[in-house]
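Enquirer: Here is a sequence together with a model predicted from it:
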Amino acid sequence: MTMPRDAVTSDTPSALALPFSVAVRGGGLLYFSGQVATDPVTDELIEGDVAEQTEQVLRNLAAALALAGKDLGDVVRVGVYLTDMSQFGAMNEVYREHFAEPYPARTAIGVAALPFGAVVEMDVVVA
C-alpha cells in the first residue's frame, strides 16, 4: 500500500532543474529536501566558510518552510551533513541562533562530499 504524497513546490524558476520536490507531505509530516548554501537568485554556491554557508542554508530552509506556511519553529528534526566534522562547533554556533528550546532532534553526519562543493547541507522534518 502506497502512502499518499503531496509535494510542496515553488513557482520560482531554478536553473538547477533537479528532479526533487522542495518538500513532500506524508503520514502527517513534511519532509524537506536537503539545502546547501546556494544563492536563491543565481543558484550558485556562495563563497564562505562553514559558518557563512550554514547561515545561507538556514535562510534557504526558512524560505522553503515558508512555501508550506511553516517556519523554523515548526521543525522537529534536522539532519546536518558536514564535509569536515572539525567544523561542527562553527556550524553549531550559527544553528543555535536560528532554533530555540526545545531544540529539534538532530543528527550530524560526516560525509566525503556534498553537491556543488558545499561544506554543509541540512534537511528537516516538520510536524
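Expert: Yep, that arrived. Residues are numbered from 1 along each chain as shown.

Enquirer: buried residues in the lengthiest helix in the chain?
Expert: Assignment by DSSP state H gives helix 50-67 as the longest helix of the chain. Counting neighbours by 16 or more other Cβ atoms under 10 Å, one finds that the buried residues in helix 50-67 are 50-58, 60-61, 64-65. In this view, the C-beta of every residue, glycine as well, is placed from N, C-alpha and C.

Enquirer: could you say what helices and strands it packs with?
Expert: When contacts are defined as 3 or more Cβ pairs under 8 Å, 6 or more residues apart in numbering; DSSP states H and E, helix 50-67 packs onto strand 29-35, helix 88-98, strand 120-126.

Enquirer: Tell me how many other residues surround residue 102.
Expert: If you count neighbours by other Cβ atoms under 10 Å, residue 102 ends up with 7.

Enquirer: try residue 82
Expert: By other Cβ under 10 Å, the residues close to residue 82 number 22.

Enquirer: circling back: lowest mean pLDDT across the helices and strands packed on helix 50-67, which one is that?
Expert: The weakest mean pLDDT among these belongs to strand 29-35, with a mean of 94.

Enquirer: What pairs with that one, parallel or antiparallel?
Expert: Take DSSP bridges as the rule and strand 29-35 pairs in its sheet with strand 23-26 (antiparallel), strand 120-126 (antiparallel).

Enquirer: could the ones you listed go into a markdown table alongside distance to residue 35 and mean neighbour count?
Expert: A markdown table is the format used below for those (distance: least, Cβ to Cβ, whole Å; neighbours: other Cβ atoms under 10 Å):
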| stretch | distance to residue 35 | mean neighbour count |
| --- | --- | --- |
| strand 23-26 | 11 | 18 |
| strand 120-126 | 6 | 23 |
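
Enquirer: could those strands go into a markdown table alongside distance to residue 87?
Expert: Output for those, formatted as a markdown table (distance: least, Cβ to Cβ, whole Å):
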| stretch | distance to residue 87 |
| --- | --- |
| strand 23-26 | 27 |
| strand 120-126 | 8 |
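
Enquirer: quick revisit: for the buried residues of helix 50-67, which one is nearest residue 81?
Expert: residue 57 (10.1 Å; Cβ to Cβ).

Enquirer: So for the buried residues of helix 50-67, which is the shakiest by pLDDT?
Expert: The minimum pLDDT among these falls on residue 64, with 90.
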